[in-house]
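>>> prediction below, plus the sequence it came from.
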Amino acid sequence: MEAGELPALDDALTGWRISREAFASRQLERYEQIADCAREAQFDLVIEVEDPEVLLHDAWLRPSQEGIDYLRHVERRAESAARWWRKRLRVRPFVARLAGCGARLVRASCECGADHGAQPTRCNARTLCGSCSARIQKRTQRKLLGSLERWTLKEAREWRARGCKEGDRGVISLLTLSVRSSTLDDLAERRKLLSDAWHRFRAWYVKTWNRPLRYAWAVEVTEGKKHQGHVHMHVVGYFPFIDYNDLRAEWERATEGRAQSIDMRPTTKAGRSAHGAARYISKYVTKALKTLTVDTAARWTIAQHAKRAISTHRGFWIPPPDIVCNTCGVVNPHRTMDLEDFPGARRELPEIAADWTRTTDPPDG
């Protein structure tokens, strides 16, 4: 995208953003009503309680301790959901988000009084902000590398236990899958088709090889030759040797005849390792909007809304290590405090990704 097109992207998303805010407002009101209903029923100890939503499964509760505990559980869930929808209502346009990136500091502290330092707040606009894009890509690459190395050892042990020879064992492979483009308006439909087709493709693999498929994938969109938006999926997974014709036929079946191309390359032949595969997938997490026109970028933002940047099989990620306070020894002790006037707070404008320009000043304070 050319410089100065960020406001145009915000304008293209205005109607969708208004409808999304209206939906978030309705959801917020719904969960607030559920929380109020559960709270009143819990304290009034009425004989029979029916929640207005499906959350209580239309169950009639009695004034027992079990019923009270369940009502408290419903109240906590509803309040948590309400907090989430309040956050969705506070989402700002891209221009405002980028303007405030790095303008304030957040200090992390423990209840014992220990200070764990301060870091600038971030906009986390992974597809637009230069500093956030690089930071998120490096963090994702580290997480992917640790998980891939872990599953490489596990896969090697399992293939040896099956009595497979060295050449017949699964190796880390890079797989690219795509569907045919039609018009720019059906970009969201093709994004959904790609995800559904992958589930069918994975089910075929599990049935054929009688073993789970370990994988991680990210979706990318490019302009395409006719500017219709070319949606494709990049997968890193552990695959044995599969005949290309069988692979092509199965992907054609999974996409219901809308497959366009498929390519598989073992990392050994591609000159890559687990480190290279992690770098290969992580770059698509932050690449999305940088090379697209305004129309394509707007439609892709809508299609990718509430979708994961990277999807994996269950149990793929390694749990992050616990944070321990060096003073009191408490696990995960951090309590954050937003300090607008913290001494040394960075006031200069953050770096913007290439081909983007800032159009507003950072907020006062």
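Okay, I see it.

>>> tell me the centre residue of this protein?
The structure's the chain has its C-alpha centroid closest to residue 308; by C-alpha atoms, centre = their mean the separation is 3.0 Å.

>>> now residue 115: how far from residue 107?
7 Å (C-beta to C-beta, to the nearest Å). Glycine gets a C-beta too; all of them are placed from N, C-alpha and C.

>>> who has more neighbours out of these two?
The neighbour count for residue 115 versus residue 107, taken as other C-beta atoms under 10 Å, is higher for residue 107 (16 against 10).

>>> now do the SS call for that one.
Here residue 107 is recorded as strand under DSSP: H, G, I helix; E, B strand; the rest coil.

>>> give me the nearest residue to it, chain neighbours excluded.
Leaving aside its chain neighbours, residue 107 sits nearest to residue 118 (4.1 Å; criterion: C-beta to C-beta, 6 or more residues apart in numbering).

>>> name the SS class of that neighbour, please.
Under three-state DSSP, residue 118 comes out as strand.

>>> pretty sure it is touching residue 108, no?
Yes. Using C-beta atoms under 8 Å, residue 118 is in contact with residue 108, at 7.3 Å.

>>> what about the helices in the stretch 51-200 of the chain?
Per DSSP state H, counting those that start in this stretch, the stretch 51-200 of the chain carries helices over the ranges 65-89, 94-99, 130-161, 187-209.

>>> burial count for residue 260?
When neighbours are counted by other C-beta under 10 Å, residue 260 registers 15.

>>> quick one: classify it as helix, strand or coil.
Quick answer, by three-state DSSP: residue 260 is strand.

>>> do residue 263 as well
The three-state assignment at residue 263 reads strand, by three-state DSSP.

>>> wait, it sits on residue 232?
No. Between residue 263 and residue 232 there is no contact under C-beta under 8 Å: 9.7 Å.

>>> mutual contacts of the two, please.
Taking C-beta atoms under 8 Å, 6 or more residues apart in numbering as the contact rule, the neighbours common to residue 263 and residue 232 are residue 176.

>>> outline the domain layout of this structure.
Using automatic domain parsing, the domain parsing of the chain gives 6-91, 130-312.

>>> rank those domains by pLDDT, which is bottom?
Sorting the domains of the chain by mean pLDDT places domain 6-91 lowest, at a mean of 74.

>>> now do the end-to-end distance for that one.
Distance between the two ends of domain 6-91: 16 Å, counting by C-alpha to C-alpha, to the nearest Å.

>>> how about stretch 262-282?
Taking C-alpha to C-alpha, stretch 262-282 runs 20 Å from one end to the other.

>>> quick revisit: deepest in the core, which of the helices of the stretch 51-200 of the chain is it.
helix 94-99 (a mean of 19; mean count of other C-beta atoms under 10 Å).

>>> quick one: list the elements packing against that one.
Taking 3 or more C-beta pairs under 8 Å, 6 or more residues apart in numbering; DSSP states H and E as contact, the helices and strands that helix 94-99 lies on are helix 6-12.
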